[in-house]
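Novice: 3D model of this:
(chains A and B)
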Amino acid sequence: AQSVTQPDIHITVSEGASLELRCNYSYGATPYLFWYVQSPGQGLQLLLKYFSGDTLVQGIKGFEAEFKRSQSSFNLRKPSVHWSDAAEYFCAVGAAGANNLFFGTGTRLTVIP
Amino acid sequence: EAQVTQNPRYLITVTGKKLTVTCSQNMNHEYMSWYRQDPGLGLRQIYYSMNVEVTDKGDVPEGYKVSRKEKRNFPLILESPSPNQTSLYFCASKRDLNQPQHFGDGTRLSIL
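Specialist: Predicted coordinates:
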């Protein structure tokens, strides 16, 4: 069965500190992986995606993620967090040729001065 | 500007009163979906459409209907809303199956 696990419901970091949000997935086919960010009252914005190739992918707003097949993980990282990064982050998995995305339950990021 | 537009953004209504949430995209995308977002559950797909007049159930279709008479529009219909359909709803579209989805800003429905 397909599933996405984001083990951290809520993370608090200081502005300027590094960030890593965890995502583990279970998927029967070769996965397509995504990270979305949702600011309050807004829709979901795509941060980055992995389809194939280089396992370290760069996204917008200085985010990157690394696909580790052996660990079934796709963790999101940022070297220095800004206050504007406070939001909820969703990891999602899909497959080539499939219409559905399976989402994790989200990680809420709080940034303190 | 490329966008997915949902209306209304907020709605409070009562049990049993039919309602429609509209979704329109201006990107000529073939694929459109509806999701609901609930605390602790993430987003779950309700229905999706692969083209005009082609729709199919997602993971949580009960109590919902959709139609796709035009490529740009994909309304979500609640014929007889119930309180368990109180949720945040998102419409999404994508150009083809192997592309990321573009999401609307969401519609918050409260069914009393």
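Novice: those strands in chain A, which residues are they?
Specialist: A:3-5, A:10-14, A:19-21, A:24-26, A:31-38, A:44-50, A:56-58, A:64-68, A:73-78, A:87-95, A:102-103, A:107-112 (DSSP state E).
Novice: again, but for chain B
Specialist: Counting by DSSP E, one finds strands in chain B at the ranges B:4-7, B:10-13, B:19-25, B:31-38, B:42-51, B:54-57, B:65-66, B:76-78, B:87-94, B:102-103, B:107-111.
Novice: Would you format those strands as CSV with distance to chain A included?
Specialist: C-betas here are computed from N, CA, C, even on glycine. Below are the strands of chain B laid out as CSV (distance: least, Cβ to the nearest Cβ, whole Å):
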stretch, distance to chain A
strand B:4-7, 7
strand B:10-13, 10
strand B:19-25, 11
strand B:31-38, 6
strand B:42-51, 4
strand B:54-57, 8
strand B:65-66, 13
strand B:76-78, 15
strand B:87-94, 6
strand B:102-103, 4
strand B:107-111, 9
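Novice: For A:S18, which of the ones you listed is the nearest?
Specialist: A:S18 sits nearest to strand B:42-51 of all the strands of chain B, at 25.1 Å, using Cβ to Cβ.
Novice: OK, contacts around B:Y48?
Specialist: B:Y48 makes contact with A:99-100, B:31-34, B:55-56, B:58 under the criterion Cβ atoms under 8 Å, 6 or more residues apart in numbering or on different chains.
Novice: Excluding chain neighbours, give the residue nearest to the most centrally placed residue in chain B in space.
Specialist: What sits nearest the mean C-alpha location of chain B, by Cα atoms, centre = their mean, is B:W34, with 3.1 Å. Nearest non-adjacent residue to B:W34, counting by Cβ to Cβ, 6 or more residues apart in numbering or on different chains: B:I46, 4.3 Å away.
Novice: just to revisit the earlier point, now the strands of chain B in a markdown table, please, with extra columns for mean pLDDT.
Specialist: Compiled in a markdown table, the strands of chain B are given as follows (pLDDT from 0 to 100):
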| stretch | mean pLDDT |
| --- | --- |
| strand B:4-7 | 96 |
| strand B:10-13 | 96 |
| strand B:19-25 | 98 |
| strand B:31-38 | 95 |
| strand B:42-51 | 93 |
| strand B:54-57 | 93 |
| strand B:65-66 | 97 |
| strand B:76-78 | 98 |
| strand B:87-94 | 95 |
| strand B:102-103 | 92 |
| strand B:107-111 | 96 |
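Novice: Check the contacts of B:Y48 and tell me the two furthest apart.
Specialist: The span of the contacts of B:Y48, defined through Cβ to Cβ, is set by A:N100 and B:T55 at 13.4 Å.
Novice: follow-up on the earlier one: tell me which of the strands of chain A approaches B:T22 most closely.
Specialist: Checking the strands of chain A against B:T22 by Cβ to Cβ gives strand A:44-50 as the closest, at 18.8 Å.
Novice: got the angle for the closest one vs strand A:31-38?
Specialist: Between the axes of strand A:44-50 and strand A:31-38, defined by axes from the mean of the first three to the mean of the last three Cα atoms, to 10 degrees, the angle is 150 degrees.
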